[in-house]
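**Q** Give me a 3D structure for the following:
(one chain, ligands or ions: 1)
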Amino acid sequence: MNVGAAVASLMSPHGLPDPYPAYDALRAVGPVLPVGRRFIVTGYAAVDGILRNPKMLAYDSGILDTQFDEWRANRAVFLFAESMLRQNPPNHTRMRRLASGVFTARRVSALREVIAAQVDEILDEFAGQVEVDVVTRLAYPLPIAVICALLGIPAADRDLFRRLAEALTAVLEVRWTEEQGRVAHDAAVELEAYFDGLIAQRRAEPRDDLVTALAAAHDAGGDRLTGDELMGNLALLLVAGFETTTNLLGNGLVLLLDRPELAKRLAAEPASAPGYVEEVLRFDPPVQLTERFAGADLTIEGVRVPAGAEMILLLGAANRDPARFDRPEVFDPDRPDNAPLTFGAGAHYCLGAPLARLEAQIALPALLRRFPAMELTGRPERRPRLTLRGWAALGVRLDSVD
Ligand code: HEM
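**A** As a prediction, the model looks like this:
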């Protein structure tokens with residue numbers, strides 16, 4: 001496959017289900033490749049270096065202004081642009097410090113029991129059924145319940161969020177249609193109205209949750225957090241908090257069901273879960289790419305990158321770079337020194353990484369222990385997205401038929 005064919009394949013519905021051959025073809029030409037006005041980065045060292053380089057900028061509103069007219073009219077694009085994900089210093093530093101102050105290790109470890117109880121409840125509901133769709137029944141509801149518990153969203157409102165998040169995250173893809181943009185905008189308007197109501201309730205009756213804590217940061221005044229930033233970061237936490245984890249659970253389960261010996265070992269040795277989850281994150285990342293813009297003329301791995309160039313960082317390709325990982329095409333939960341770039345690196349390193357890992361480390365062994373004969377009902381279908389990679393549905397038979 002040449003460079004043109006590889007790029008075309010990544011953008012086409014035929015290539016999306018398995019982007020890895022295209023990644024290999026691109027990496028074989030070079031870790032940093034100029035393609036049109038952009039650079040595609042596939043090497044581990046190059047992606048890691050770019051993410052840690054302060055001269056490489058996140059896609060902030062100043063950059064959006066140079067690329068799109070009227071982007072502020074789309075509330076979904078606007079909300080993400082107001083969130084910490086799309087900020088550079090000093091705004092990023094300010095927001096990140098605030099969010100880290102409320103999204104603490106204490107809050108995450110307090111969720112361990114919520115996660116375990118939620119997994120048990122879901123698996124109890126599976127009992128007596130022959131087949132279930134794991135995406136609908138577990139991979140969505142579990143992370144939604146967990147992020148809602150963290151934010152302080154009442155359980156009765158959870159059902160809203162799968163649709164809203166699916167709609168909103170379309171604008172995080174490299175390309176989206178006008179119709180997807182419109183649906184994302186409507187979802188953002190609906191979500192903002194929802195959060196307005198919840199924030200008002202928490203102001204009246206504060207609780208130990210993130211909505212209360214972030215609203216208090218806003219209300220403290222000064223330049224701590226504007227109203228739009230409060231909304232943008234709440235929306236980010238909500239969608240970053242589950243679409244991605246949903247896909248980690250789904251991608252992980254299929255990898256394991258395709259490797260029954262490994263699945264059996266994980267069920268028997270739940271303490272080995274961290275190694276398994278890290279390898280799922282490396283081998284089939286729920287987030288396949290992110291972007292940066294060169295803030296100055298730079299040379300990366302010997303390639304000249306002019307100021308203003310857009311860098312597409314293929315995390316899924318970096319995680320299979322043979323210069324970093326021995327036999328990268330092999331799924332090996334015992335891999336030593338496994339450090340995938342799935343949660344990014346540097347200043348924007350995923351704030352929710354410990355939480356996402358914990359959910360998968362609890363849910364995957366529990367599922368395999370409870371239903372040791374579980375198998376896929378057929379080959380599942382991928383969602384037609386490149387950035388957020390997951391399964392549309394995942395039918396499993398809970399007890400094998402033979
Ligand atoms: C497997 C699940 C997850 C994956 C693969 C993932 C991936 C990522 C990546 C790659 C970034 C950095 C993007 C960049 O540098 O451009 C990021 C940032 C972020 N993630 Fe996650 N994420 C996951 C789960 C979560 C969860 C559960 C939460 C919250 C509850 C969360 C909240 C965030 C936030 C707030 C940021 C922005 C951090 C910043 O800009 O400083 N993520 N995530």
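**Q** Could you report the pLDDT at A188?
**A** As predicted, A188 sits at a pLDDT of 95.
**Q** Please work out how many residues are found near it.
**A** 24 (other C-beta atoms under 10 Å). Quick note: C-beta positions are derived from backbone N, CA and C, even for glycine.
**Q** Leaving aside the residues adjacent along the chain, what's closest to R203?
**A** Spatially, and ignoring its direct neighbours in sequence, R203 is nearest to A215 (6.1 Å; C-beta to C-beta, 6 or more residues apart in numbering).
**Q** List of residues touching whatever helix or strand the one you found lives in?
**A** In this assignment (DSSP states H and E), A215 forms part of helix 210-219. For helix 210-219, contacts defined as C-beta atoms under 8 Å, 6 or more residues apart in numbering pick out 98-99, 102-103, 107, 150-153, 195, 198-199, 202-203, 206, 224-227, 229-230, 233-234, 237.
**Q** could you give the mean pLDDT of it?
**A** Helix 210-219 carries an average pLDDT of 89.
**Q** How about the residues of the stretch 151-300 of the chain by the ligand?
**A** Proximity of the stretch 151-300 of the chain to the ligand (C-beta under 6 Å from any ligand atom) is limited to residues 236-237, 240-241, 244-245, 248, 286-287, 290.
**Q** mind listing which of those are in strands?
**A** T290 (DSSP state E).
**Q** Next step: the residues of the stretch 151-300 of the chain next to the ligand restricted to helices.
**A** 236-237, 240-241, 244-245, 248 (DSSP state H).
**Q** Save the residues you listed as JSON lines, and put in pLDDT too.
**A** JSON lines is the format used below for those (pLDDT from 0 to 100):
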{"residue": "L236", "pLDDT": "93"}
{"residue": "L237", "pLDDT": "91"}
{"residue": "A240", "pLDDT": "84"}
{"residue": "G241", "pLDDT": "79"}
{"residue": "T244", "pLDDT": "93"}
{"residue": "T245", "pLDDT": "96"}
{"residue": "L248", "pLDDT": "98"}
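**Q** Show me what L314 is bridged to.
**A** Beta-bridge pairing of L314 under DSSP bridges involves L289.
**Q** Show the contacting residues for it.
**A** With contact set as C-beta under 8 Å, 6+ apart, L314 has these partners: 23, 26, 40-42, 47, 288-289.
**Q** Most neighbours of all the residues you listed, which one?
**A** V41 leads those on contacts (other C-beta under 10 Å) with 32 neighbours.
**Q** And that one, what's its pLDDT?
**A** At V41, the model reports a pLDDT of 98.
**Q** where along the stretch 151-300 of the chain do the helices fall?
**A** All helices of the stretch 151-300 of the chain, identified by DSSP state H, counting those that start in this stretch, fall at 160-168, 178-204, 210-219, 227-257, 260-268, 273-283.
**Q** just the residues of the stretch 151-300 of the chain next to the ligand now: which is nearest R397?
**A** L248 (22.5 Å; C-beta to C-beta).
**Q** How is L355 assigned, secondary-structure-wise?
**A** Secondary structure of L355, reduced to three states by DSSP: H, G, I helix; E, B strand; the rest coil: helix.
**Q** from what I can see it touches L151, true?
**A** No - here L355 does not reach L151: they are 11.9 Å apart, not a contact under C-beta atoms under 8 Å.
**Q** more neighbours, those two?
**A** Between L355 and L151, counted using other C-beta under 10 Å, L355 has the larger neighbour count: 23 against 20.
**Q** Leaving out sequence neighbours, find the closest residue to the more buried one.
**A** Nearest residue to L355, sequence neighbours excluded (C-beta to C-beta, 6+ apart): V108, at 5.1 Å.
**Q** tell me the contacts of that neighbour?
**A** V108 neighbours (C-beta under 8 Å, 6+ apart): 354-355, 358.
**Q** near the ligand, which of these show up?
**A** Within these, those near the ligand by C-beta under 6 Å from any ligand atom are L355.
**Q** ok, so of the contacts of V108, who is nearest R182?
**A** For the contacts of V108, the residue nearest R182 by C-beta to C-beta is L355; the value is 31.7 Å.
**Q** R304: neighbouring residues, count only.
**A** Neighbours of R304 using other C-beta under 10 Å come to 11.
**Q** no no, R27
**A** With other C-beta under 10 Å as criterion, R27 counts 24.
**Q** Please enumerate the strands of the stretch 301-402 of the chain.
**A** Along the stretch 301-402 of the chain, the segments classed as strands by DSSP state E, counting those that start in this stretch run 303-305, 310-314, 375-376, 381-382, 391-393, 395-397.
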